[in-house]
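In: test case, fold it:
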Amino acid sequence: MLTLLLITSGCASATYEITGYTSSPIIDDIPVPTNAKPLKVTTDSANPNIRISETYELKHIGGEQGLYTPADYFQKLHDEGWVELEENRMGHVHFLKKNDTVVAIEIREDTFEIHE
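Out: Got it, this is the predicted structure:
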């Protein structure tokens with residue numbers, strides 16, 4: 001019985017936890033999980049469509065291999081007035097719009113990036 005318990009607990013998928021939200025330092029209207037660790041801000045992207053971006057670490061936010069959209073985070077974005085442009089979605093990259101601002105949020109297994 002103990003062996004079975006150890007095997008099943010070792011195979012359980014890890015989950016992420018969001019403990020609250022704060023404003024993004026680069027885009028005031030974008031909520032960011034307060035327990036997400038800021039990793040870097042990029043102001044000199046090689047992509048001419050990206051003005052500025054920021055990268056955060058939040059363990060397991062995208063699930064295994066970043067395959068899962070964090071539903072509660074996207075619900076918070078929706079509650080703040082952001083509308084997902086589903087027709088523009090490209091795999092891990094979700095495009096959202098509020099007023100005249102368009103952002104891309106790229107979800108990975110342990111990180112996410114916000115691009116303006």
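In: separation between residue 22 and residue 98?
Out: The spacing between residue 22 and residue 98, counted by C-beta to C-beta, to the nearest Å, is 17 Å. All C-beta spots, glycine's among them, are computed from the backbone N, C-alpha and C.
In: for residue 83, that is, sorry about that
Out: To residue 98, residue 83 is 7 Å away according to C-beta to C-beta.
In: cool, and residue 31?
Out: Noted for residue 31: a distance of 11 Å to residue 98, by C-beta to C-beta.
In: the protein: helices as residue ranges?
Out: 2-11, 71-79 (DSSP state H).
In: need the least confident one among the ones you listed, by mean pLDDT.
Out: Per-stretch mean pLDDT for the helices of the chain is lowest at helix 2-11 (a mean of 44).
In: quick one: contacts of stretch 64-80?
Out: 13, 16, 18, 21, 29-31, 33, 61-62, 84, 92, 94, 96, 98, 105, 107-109 (C-beta atoms under 8 Å, 6 or more residues apart in numbering).
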